[in-house]
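In: Everything below, folded, please.
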Amino acid sequence: MTAVLDAPRTTIPPTTGIRSRPFGLVRHSLALARRSLIKTLRTPEQLIDVTLQPIIFTALFLYLLGGAVAGDRQEYLRFLLPALMVQTVLLAATTTGVTLNADISKGIFDRFRSLPIGRSAPLIGLLLGDMIRSVIAIVVLLGFGHVLGFRIGTDLLSTLAACLLVMGFSVAMGWVFVVLGLLMREPSAVQGVGFLLSFPLTFGTNMITPTETMPGWLQAWVEVNPVTSLMEASRGLINGGPVADPVIESLLWGVGILVVFAPLAVWIYRRRT
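Out: Next up is the predicted model:
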């Protein structure tokens, strides 16, 4: 006779009773932000746009238009530099969508999907990690402006508030470029569409010339352009002047963009991955 032994039963404890660690989404997002930051610092050539572009644009606009627009280059520099800070940071935000699209095409986000992390954590981590680009752009721009003779007209706290306001608005706009990164097929397409969207927003303002010098149809666009309010808020916080209205408008626009495009980006990401 052949004896048959029954294998011992293994009971798998239900996962529903396991207590999850608090603030999981925050921890996962910060961990992925660290990954994005390390990736950026290990490929410094990715920082060319936020190191050379502010210098080139400042010198170009200052010495080509400074005398014609303001008659005095130092006065024009005070008008130009806070607005250039906004333009540089917003243009740098397009890289978020390009990086996201490249990572998805390489299969990295398939790996993220298999991990026990929040579905929005990779997107939030990417945006937080890319904030280093905004910090570098602002430091380079203010440093180069100081070399050219630019001096802050208010105080350090107001200037820091201007930088934080611009960076916060950039994060909100970053969700727009995340949506583009999820919808486009190639990183080059994301970059092309991103710049096509960014240029009317950044150059269609009173960045290089006062609004009253423009034709009527362009003045109408400049007045409703949210980036114009952001530039006026930056000028007021850095140089001095009224800031309440442009700051409130910038905050409202930033929150509105965030409320619309952040959930949309997460929804598209869930469907695509």
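In: what about residue 228, how many neighbours?
Out: Neighbours of residue 228 under the rule other Cβ atoms under 10 Å: 24. Where you see a C-beta, it was placed from the backbone N, CA and C, and this is true even at glycine.
In: before we move on, what about residue 92?
Out: Using other Cβ under 10 Å, residue 92 is surrounded by 24 other residues.
In: what's the answer for residue 219, then?
Out: Neighbours of residue 219 using other Cβ under 10 Å come to 13.
In: Secondary structure element holding the nearest residue to residue 238 once chain neighbours are set aside?
Out: Spatial nearest neighbour of residue 238, excluding adjacent residues (Cβ to Cβ, 6 or more residues apart in numbering): residue 82 at 4.7 Å. Residue 82 belongs to helix 73-92 when assigned by DSSP states H and E.
In: list the helices and strands that helix packs on?
Out: helix 48-69, helix 131-148, helix 156-183, helix 187-203, helix 226-239 (3 or more Cβ pairs under 8 Å, 6 or more residues apart in numbering; DSSP states H and E).
In: The residue nearest to residue 131 when sequence neighbours are not counted: neighbour count?
Out: Of all residues not flanking residue 131 in the chain, residue 167 sits nearest, at 6.3 Å (Cβ to Cβ, 6+ apart). Residue 167 has 17 neighbours, counted by other Cβ under 10 Å.
In: I'd like to know how far residue 167 sits from residue 103.
Out: 22 Å (Cβ to Cβ, to the nearest Å).
In: Equivalent analysis for residue 32, please.
Out: 11 Å.
In: Spit out the residues that contact these two alike.
Out: Shared contacts of residue 32 and residue 103, defined by Cβ atoms under 8 Å, 6 or more residues apart in numbering, are found at residue 126.
In: Once you drop chain neighbours, what's closest to residue 47?
Out: In space, and not counting its chain neighbours, residue 47 is closest to residue 136: 6.1 Å by Cβ to Cβ, 6+ apart.
In: confidence score at that neighbour?
Out: We note a pLDDT of 90 for residue 136 in this prediction.
In: that older thread, distance-wise, check the residue nearest to residue 131 relative to residue 221.
Out: Taking Cβ to Cβ, one finds residue 167 at 25 Å from residue 221.
In: same question, residue 233
Out: In terms of Cβ to Cβ, residue 233 sits 19 Å off from residue 221.
In: And for residue 258?
Out: For residue 258, the distance to residue 221 - Cβ to Cβ - is 23 Å.
In: now swap in residue 110 and tell me
Out: From residue 110 across to residue 221, the span is 42 Å (Cβ to Cβ).
In: Then residue 252?
Out: Where residue 221 is concerned, residue 252 sits at a distance of 19 Å (Cβ to Cβ).
In: Please name the nearest non-neighbouring residue to residue 223.
Out: Spatially, and ignoring its direct neighbours in sequence, residue 223 is nearest to residue 211 (7.2 Å; Cβ to Cβ, 6+ apart).
In: same check, this time on residue 117
Out: Leaving aside its chain neighbours, residue 117 sits nearest to residue 28 (4.2 Å; criterion: Cβ to Cβ, 6+ apart).
In: next one: residue 41
Out: Per Cβ to Cβ, 6+ apart, closest to residue 41 is residue 132, 7.7 Å.
In: The one you found and residue 37 touch, don't they?
Out: Yes - contact status for residue 132 versus residue 37: in contact at 5.6 Å, counting by Cβ atoms under 8 Å.
In: On the three-state scheme, residue 118 is what?
Out: coil (DSSP: H, G, I helix; E, B strand; the rest coil).
In: which element is the closest residue to it other than its chain neighbours on?
Out: Nearest residue to residue 118, sequence neighbours excluded (Cβ to Cβ, 6+ apart): residue 25, at 4.2 Å. Using DSSP H and E, residue 25 sits in helix 24-42.
In: do residue 208 as well
Out: Going by DSSP H and E, residue 208 is not in any helix or strand.
In: Give me the pLDDT for it.
Out: Looking at residue 208, the pLDDT reads 89.
In: which residues sit in contact with it?
Out: Taking Cβ under 8 Å, 6+ apart as the test, what residue 208 contacts is 61, 65, 69, 80, 83.
In: Tell me the buried residues within those residues.
Out: Among the contacts of residue 208, those buried by neighbour count (16 or more other Cβ atoms under 10 Å) are 61, 69, 80, 83.
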